[in-house]
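Trainee: Structure for the following, please:
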Amino acid sequence: MTAANSIHNLLKNIAEQNNKVIQQALKKLLPSRDRRLKIHTSFSPRKNGIKQTPRILLDGAWLKQAGFTQGNYANVTVKNKVLLITPF
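Mentor: Reported below is the predicted structural model:
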């Protein structure tokens, strides 16, 4: 294993540990209810065929309770395989 690979693996492990710590802290600080969502497929026509990408659909009264209202926008932050969605 090269030094670069060792450093890469070390940083990956640190990021995974940080993600776990953040999730545990959020669970303690914020009252929440976990939701399990299915990852759907989105299809987009392209010149050379159809492109498939992951798609997550969110709906329900719980969104309104969380501060999301129809017609407004939301911010999506992606970091270390975590999506943080906040009302804009």
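Trainee: S42 - how many residues pack around it?
Mentor: S42 sits with 10 neighbouring residues when counted by other CB atoms under 10 Å. All C-beta spots, glycine's among them, are computed from the backbone N, C-alpha and C.
Trainee: Sorry, wrong one. I was asking about L63.
Mentor: L63: 15 neighbours (other CB under 10 Å).
Trainee: now A74
Mentor: Neighbours of A74 under the rule other CB under 10 Å: 12.
Trainee: same question, I7
Mentor: By other CB under 10 Å, neighbour count at I7 equals 10.
Trainee: Leaving out chain neighbours, which residue sits closest to L84?
Mentor: Nearest residue to L84, sequence neighbours excluded (CB to CB, 6 or more residues apart in numbering): T77, at 4.4 Å.
Trainee: just checking, what packs against whichever strand or helix holds the one you found?
Mentor: Assessed by DSSP states H and E, T77 sits inside strand 74-79. Applying 3 or more CB pairs under 8 Å, 6 or more residues apart in numbering; DSSP states H and E, one finds that strand 74-79 contacts strand 82-87.
Trainee: in the protein, which ranges drop under the pLDDT threshold?
Mentor: Scanning the chain for pLDDT under 70 picks out 1, 30-32.
Trainee: other SSEs contacting the longest helix anywhere in it?
Mentor: Using DSSP state H to define each element, the chain has its longest helix at helix 3-29. Where contact means 3+ CB pairs under 8 Å, 6+ apart, helix 3-29 is packed against strand 82-87.
Trainee: Report the distance from the strand holding T77 to the chain centre.
Mentor: Computed by CA atoms, centre = their mean, to the nearest Å, the chain-centroid distance of strand 74-79 equals 8 Å.
Trainee: Mind listing the strands that strand pairs with, and their directions?
Mentor: Strand pairing for strand 74-79, using DSSP bridges, gives strand 82-87 (antiparallel).
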